[in-house]
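Undergrad: Got a sequence here, can you model it:
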Amino acid sequence: MKRYWILSLIIAITVLGCKPKAKTDPTKDPKVAIPEKAADSGLTVLAYSLPKEAALPAQVAVKLAITPNTEKKLAVSWVQADPSPARKTLLWTGGMLAAYAIGKNLVDYKITADATGEIDEMGSQLAIAAGIMAAMVQTPPKAGVVLFGALNPDGTVGPVEHLPAKIKAAATAGAKIIGIPAGQDQAWDEAAKQYVTCAEMGKAAGAEIKEVATITEAFTLLTGSTLELPEAVAPDALKLDADTEKLLKERSEKWLTQHDEFVKKIKAIKGKQSDRTKNGLTAAVKYAEEARTLIKAGSVAAAYDYAQRAGAFAMTALWSAQFDALDAKKDLKGMLKAVESFDNISKQITDTITKLRTVEDPTALDPMIRLTTYDHLAGAWGYAKLGEKQLKESRDKIAYLLEKKLSPAMDEGRLFQLLLGTATRFSMADVKNGKAQDFAAFPALKSGKWNVNADRAAELADMLEATARAWMELSSKVFVQEVAAAGTKSSEEVLSDMIATENNYLVAVSSLDFPEFLISQDAKEGLLIRVAAYWNSYLNNAMLFLKRIHLDIRKDATGQVHQVRQQKVLARLIVSAEENARRSAALAQKVTGTIPASARFYYQVGMTMKDGAFGLQIKSLEMFWKAATECQLAVLLVR
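TA: Residues are numbered from 1 along each chain as shown. Prediction:
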């Protein structure tokens with residue numbers, strides 16, 4: 001006879017047919033034993049919609065069926081035809097992160113969802129994932145527990161919208177324990193038009209508010225049981241080895257030398273400089289000074305990051321200064337001659353890819369270094385593709401003006417802006433390619449070869465592709481289609497603006513095309529390329545949503561972050577992500593025998609940036625995400 005458990009989360013879950021592990025009493029033995037095989041499970045989820053006007057969020061029943069998957073092909077779907085991008089994202093993200101959290105492969109489960117009515121999919125990710133975990137490990141959830149939260153790629157919990165209204169709705173429905181994102185106890189109450197304390201609001205309604213930082217904490221709150229997790233390593237365990245530090249110091253000096261040469265050339269250019277040139281030069285010099293300070297302090301990972309930024313900003317400022325001078329002279333032929341050097345950058349990226357493919361057995365090397373290298377190459381390729389498009393437009397415009405014998409002044413500055421955009425894209429492509437070359441030179445593993453499971457890598461690539469494409473579809477809907485529908489610009493114009501102003505969006509888009517571009521040439525490293533590119537796309541879209549929606553950041557005229565409305569949430573996210581990176585490193589150490597050098601690098605950069613200005617704090621969060629996910633991918637590749 002099937003057993004039924006009822007749970008309210010964002011969500012109120014009824015778990016059908018999940019047999020608990022052998023007589024485990026969470027009050028006496030809170031540790032969960034992970035079943036070897038999946039069991040038939042059913043979930044009825046009462047998810048909440050977003051509030052409308054003065055009404056509280058409405059409940060919507062979501063039926064989930066989780067059964068063993070014997071076909072060994074990913075099976076995550078909605079019963080409804082043509083599910084929305086948000087629903088695809090909800091199910092793929094929840095399923096993927098739930099399976100990783102309990103040490104299982106998503107392909108071993110068939111997950112089907114059925115729901116009618118509007119749902120706050122983003123705010124339901126934590127609840128869905130924790131519910132799926134409970135079913136996968138066959139551990140009954142406790143009654144009256146509600147979870148609210150988005151999920152970040154590393155498994156930490158992100159903030160949600162309309163939290164006070166959701167708490168009111170859950171408490172009204174009888175919830176006694178409500179889990180909310182760590183750091184979001186102070187939340188904006190749209191009805192009261194002021195910030196409120198969630199703990200006080202919950203207490204007044206008869207519910208206890210608990211802040212949760214990770215998906216595993218949410219699982220414990222939901223079920224009363226805990227998963228066996230290794231203790232987080234100490235920060236010192238994530239230090240770089242001497243050989244890697246030596247390499248990074250050498251590469252830092254290389255970037256700083258490039259910076260110095262570019263600055264010298266900028267100062268040699270006569271004439272008035274535009275604000276863009278001045279701002280770029282100021283930023284470049286600032287980054288170079290910080291890099292040199294960090295080198296002296298022995299923080300070579302962070303020094304490298306600042307040094308390559310110095311070189312990148314100096315390169316862009318140099319192009320800007322050159323176009324300033326050419327524009328002042330209205331020298332069209334000079335402009336045409338200047339852009340010829342851009343043609344070589346795309347070739348250099350292709351050369352880097354070719355060198356990587358000369359390795360006879362790529363899985364015999366450190367796969368995480370190769371994945372990180374391809375991360376940077378995907379970005380380089382994307383920037384170069386956009387640069388090539390703008391370069392053609394620039395050349396066509398110059399050719400037209402020359403043919404018609406028209407002055408660039410008649411173009412009202414559009415050519416100048418187009419040239420600057422072209423230079424910026426190719427500069428970024430060149431920098432990303434340089435970083436790819438630097439990472440490819442990281443010292444080889446000293447602990448021997450990694451035994452990458454090819455079948456598992458293929459399953460991982462398929463799972464990441466489905467997740468990445470769901471996020472990309474959602475991102476395009478929210479940031480392009482909906483913006484165009486609400487404004488005066490066409491979708492094409494909004495898309496162009498997004499690609500030009502949001503690097504996360506550009507990298508997310510280009511990373512999806514990168515595998516097809518490479519695999520069509522040579523499929524030898526196809527699996528590693530797919531894993532790297534699809535994970536890169538997913539992570540960049542997740543960061544885009546965090547910045548633009550969840551943290552609600554504001555940028556100044558120069559594009560720098562000067563305000564974060566959710567400052568407390570950001571601070572708590574950084575704390576959670578840093579600790580999660582160390583815990584992920586511990587698991588990687590246990591499973592693979594080592595902590596990826598790329599994870600160590602990202603962790604060290606994050607530690608240096610976490611106490612800086614808002615822009616650096618957000619960058620540190622991204623670095624901790626990357627440190628954790630590099631470790632998680634390492635585990636998944638060899639599991």
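Undergrad: Just list whatever residues bridge to the nearest residue to Lys547 once chain neighbours are set aside.
TA: Among residues not flanking Lys547 along the chain, Ile553 sits closest, at 5.1 Å (CB to CB, 6 or more residues apart in numbering). Where you see a C-beta, it was placed from the backbone N, CA and C, and this is true even at glycine. On the basis of DSSP bridges, Ile553 takes part in beta bridges with Val564.
Undergrad: Ile553: what's it in contact with?
TA: Shown in contact with Ile553 (CB atoms under 8 Å, 6 or more residues apart in numbering): 547, 561, 563-565, 614, 618.
Undergrad: quick one: low-confidence parts of the stretch 351-500 of the chain?
TA: 359-366, 408-413, 444-451 (pLDDT under 70).
Undergrad: Helix or strand for Ala47, just tell me which one.
TA: Using DSSP states H and E, Ala47 sits in strand 41-48.
Undergrad: in whichever helix or strand comes after that strand, what's buried?
TA: Per DSSP H and E, the first helix or strand lying C-terminal to strand 41-48 is strand 59-68. The neighbour-count check on strand 59-68 (16 or more other CB atoms under 10 Å) flags 59-60, 62, 64-67 as buried.
Undergrad: So which residues of the stretch 101-250 of the chain form strands?
TA: In the stretch 101-250 of the chain, the segments counted as strands under DSSP state E, counting those that start in this stretch are 109-115, 145-147, 150-151, 157-158, 177-181, 186-189, 194-197, 208-212.
Undergrad: So which of these is nearest Ile266?
TA: Among the strands of the stretch 101-250 of the chain, strand 157-158 comes nearest to Ile266, with 40.9 Å by CB to CB.
Undergrad: And that closest one, what does it pack against?
TA: strand 150-151, helix 215-223 (3 or more CB pairs under 8 Å, 6 or more residues apart in numbering; DSSP states H and E).
Undergrad: So for Gln348, which of those sits nearest?
TA: Using CB to CB, the helices and strands packed on strand 157-158 put strand 150-151 closest to Gln348, at 37.8 Å.
Undergrad: quick check: mean pLDDT across the closest one?
TA: Strand 150-151 shows a mean pLDDT of 96.
Undergrad: cool, and stretch 319-329?
TA: The model assigns stretch 319-329 a mean pLDDT of 87.
Undergrad: Could you tell me which residues within it count as buried?
TA: Buried residues in stretch 319-329 (16+ other CB under 10 Å): 319-327.
Undergrad: repeat for stretch 103-123
TA: 103-113, 115, 118-123.
Undergrad: Using CSV, write out the CA atom coordinates for it.
TA: Extracted C-alpha coordinates of stretch 103-123, given in CSV (Å, rounded to 0.1, in the frame of the first residue of the first chain):
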residue,chain,number,x,y,z
GLY,A,103,25.2,12.0,-5.5
LYS,A,104,23.0,10.6,-8.2
ASN,A,105,22.8,11.0,-11.9
LEU,A,106,19.7,12.7,-13.3
VAL,A,107,19.5,10.2,-16.1
ASP,A,108,18.6,7.5,-13.6
TYR,A,109,15.2,9.3,-13.0
LYS,A,110,12.2,10.1,-15.1
ILE,A,111,10.7,13.3,-13.9
THR,A,112,7.3,14.5,-15.2
ALA,A,113,5.4,17.6,-14.1
ASP,A,114,1.8,18.5,-14.6
ALA,A,115,0.3,21.9,-13.7
THR,A,116,-2.3,24.5,-14.9
GLY,A,117,-2.3,28.1,-13.8
GLU,A,118,0.4,30.7,-13.3
ILE,A,119,3.4,29.8,-11.1
ASP,A,120,6.4,31.9,-9.8
GLU,A,121,8.8,29.4,-11.3
MET,A,122,12.0,31.3,-10.3
GLY,A,123,10.9,31.5,-6.7
